[in-house]
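[1] Based on what follows, work out the 3D shape:
(one chain, ligands or ions: 1)
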Amino acid sequence: MAVINCPGCKKKISDKVKTCNHCTLDLSELDSDQLASLNRVSLINKTQRLMNFSFVAMLLFCGGFLFMFRDNIQPDTWQHNLAMGSAILGFFMYIIIRVMLLFTKRKAS
Ligand SMILES: [Zn+2]
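    Numbering: from 1, shown residues only. Model prediction:
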């Protein structure tokens, strides 16, 4: 008996069960083609979600950066700290998301 990921909900299930006990997907009716296309769809969804997150991260980074310079904020005010924090957070989020995307794409090929 082996443990596999359910193609529907990605939770761990036994490969011997006929239906997933998390999302009640009927595994016995799925052939390998359908399994492959389900996997492809979920991979595309995951990639799309990561792309959206990286866009948000980019906005945080650019927003924080622009805010810091455009409004001529004095250092050591909460506005300055907020803008700086936003830029730093956005930067690291962006890097982490790009790395995750890289791994997701490598898994796909
Ligand atoms: Zn499931």
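[2] would you list every one of the strands in the protein?
    Remark: strands assigned in the chain by DSSP state E are 3-5, 12-14.
[3] mind listing what's buried in the last one?
    Put plainly, it is strand 12-14. Under the neighbour-count criterion of 16 or more other C-beta atoms under 10 Å, strand 12-14 has Ile13 buried. Any C-beta I mention is one placed from the backbone N, CA and C, and that applies to glycine too.
[4] who does that strand pair up with?
    Strand 12-14 has its sheet partners listed here by DSSP bridges as strand 3-5 (antiparallel).
[5] Distance check, the residue sitting furthest away from the middle of the chain against Val99.
    In the chain, the residue that sits farthest from the middle, by C-alpha atoms, centre = their mean, is Gln74; the gap is 35.7 Å. Separation of Gln74 from Val99 (C-beta to C-beta, to the nearest Å): 35 Å.
[6] Tell me which other helices or strands the biggest helix by length in the chain touches.
    Secondary structure of the chain per DSSP state H: the longest helix is helix 32-70. In terms of contacts (3 or more C-beta pairs under 8 Å, 6 or more residues apart in numbering; DSSP states H and E), helix 32-70 is packed against helix 78-108.
[7] Could you figure out how far the helix it packs on is turned away from helix 32-70?
    160 degrees (axes from the mean of the first three to the mean of the last three C-alpha atoms, to 10 degrees).
[8] tell me, what residue is most central in this protein?
    Judging by C-alpha atoms, centre = their mean, the chain has its centre closest to Leu50, at 3.7 Å.
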